[in-house]
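[1] Got a predicted model here, sequence first, then my questions.
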Amino acid sequence: MTADGLPETAAHGDPGPPPGLVVVGRYDELPGYAVQRPRGADSWLLTWTVSGRGTLRQGRTETGAGAGDLVVLAPGTPHRYGVQQGADHWEFWWVHCGARRTWTAWLGPHGRGDGMYVVTPDPADAGTDGSRARIEAAFHRMLADARWTGTGAPPESAPPASAPADDRVAVAVAHGAAARELALCALEEVVLLTAGAACGTRTGTGVDPRLRRAQELIAADPGAPHSVRSLAAEVSLSPSRFAHLFTRQLGRSPMRELREARLNHAARLLESTDLSVERVAAASGFASPFHFNRVFRARYGTPPGAYRTTGPMVGT
């Protein structure tokens, strides 16, 4: 089916929430529900389907959404979404916010065009619910954090089972800076969990498991003093054999993989901490601040200090 028949439209001129806000909600909608924004939204929109089926269109690109699918719509492009034709309902989490720039590397491989990203679960996880339960918990934590006023202790995250059976709508707006950052951290967990375990992003079955282990070591602690020799020793290969296999099977050298992981880690630290650029460089495994500035600028198009002043919620 196509989304041409979606009947409802957002209020005239409604661009959705502004990018400086974080708005999170969970809906369980029946057939006939639909939203259309002819001018798109001013903020990013992320949806994650709990059950049922939805249809989303961004510009000329359209996708269906089933359980476990994360669909991300960039701002500024006409979009519409609703319960898929023939489905009995669509239960989904949604978030309007500004996207952190480091999410680009995770969402980029899932781009469908027109600013739409579709992250689909790996079929290998079809019989397991561990990661899905953790994603669901992150959304519940995000909802609770968004409701925090900034005084006293943050509210407890309500477990999924605590919601009344007939409660089809839950919405919260994170107004304070602390509430926004906590909510975005929970959302970043969702992005990482979905994209990291998505269909088409896992290393293929033809890749040596020792190389996958080396990738995991780099990702777990990019700031550690890794080297070709130390990584090779961890997976019981000679340095030359390890470097050759890694480059041939993964399309990049071990040190290129390490540099990208360190730059991503540094960007996250710049966004979420007030550490000096020199400390960020050291914590990310760069021995020389000068070298760090040079490679960071080459990767992100701006030096670390300027990257931080643009703010952590700037979309790309």
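    Perfect, thanks for sending it.
[2] and the closest residue to residue 308 other than its chain neighbours, what are its phi and psi?
    Among residues not flanking residue 308 along the chain, residue 270 sits closest, at 4.5 Å (C-beta to C-beta, 6 or more residues apart in numbering). All C-beta atoms are positioned from the backbone trio N, CA, C, and that covers glycine. Main-chain torsions, residue 270, degrees, to the nearest 10: phi -60, psi -40.
[3] Make sure residue 270 is actually in contact with residue 302.
    No - when contacts are counted by C-beta atoms under 8 Å, residue 270 is not listed as touching residue 302 (10.5 Å).
[4] show me where the stretch 151-300 of the chain has helices.
    Using DSSP state H, counting those that start in this stretch, the helices of the stretch 151-300 of the chain run over residues 177-196, 209-220, 228-234, 239-250, 254-272, 277-283, 289-300.
[5] so where's the stretch 1-150 of the chain uncertain?
    For the stretch 1-150 of the chain, the stretches with pLDDT under 70 are 1-19, 123-130.
[6] in the stretch 1-150 of the chain, which spans are strands?
    22-29, 34-37, 44-52, 54-58, 61-65, 70-73, 79-83, 90-97, 111-113, 116-119 (DSSP state E, counting those that start in this stretch).
[7] and residue 141, which of these is closest to it?
    Distance to residue 141, taken as C-beta to C-beta, is lowest for strand 22-29 among these, at 10.2 Å.
[8] Out of the helices of the stretch 151-300 of the chain, flag the one nearest residue 72.
    helix 177-196 (8.2 Å).
[9] which strands and helices sit next to that closest one?
    Counting contacts by 3 or more C-beta pairs under 8 Å, 6 or more residues apart in numbering; DSSP states H and E, helix 177-196 is packed against strand 22-29, strand 44-52, strand 70-73, strand 90-97, helix 103-107, helix 130-146, strand 169-174.
[10] Could you export those as a markdown table, including distance to residue 82 and mean neighbour count?
    A markdown table is the format used below for these (distance: least, C-beta to C-beta, whole Å; neighbours: other C-beta atoms under 10 Å):
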| stretch | distance to residue 82 | mean neighbour count |
| --- | --- | --- |
| strand 22-29 | 8 | 21 |
| strand 44-52 | 11 | 21 |
| strand 70-73 | 13 | 26 |
| strand 90-97 | 7 | 23 |
| helix 103-107 | 23 | 18 |
| helix 130-146 | 20 | 20 |
| strand 169-174 | 15 | 16 |
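[11] closest one to residue 261 among those?
    helix 103-107 (10.1 Å).
[12] In stretch 175-187, which residues are buried?
    Residues of stretch 175-187 classed as buried under the neighbour-count rule (16 or more other C-beta atoms under 10 Å) are 179-184, 186-187.
[13] typo on my end, it should be stretch 79-86
    For stretch 79-86, by 16+ other C-beta under 10 Å, it's 79-84.
[14] One more: stretch 212-225?
    If you call a residue buried by 16+ other C-beta under 10 Å, then stretch 212-225 has these buried ones: 212, 214-215, 217-218, 222-223.
[15] again with stretch 250-269
    So stretch 250-269, judged by 16+ other C-beta under 10 Å, has buried residues 250, 254, 257-259, 261-269.
[16] I'd assumed residue 22 was in contact with residue 171.
    No - Residue 171 is beyond contact range of residue 22, at 11.7 Å (criterion: C-beta under 8 Å).
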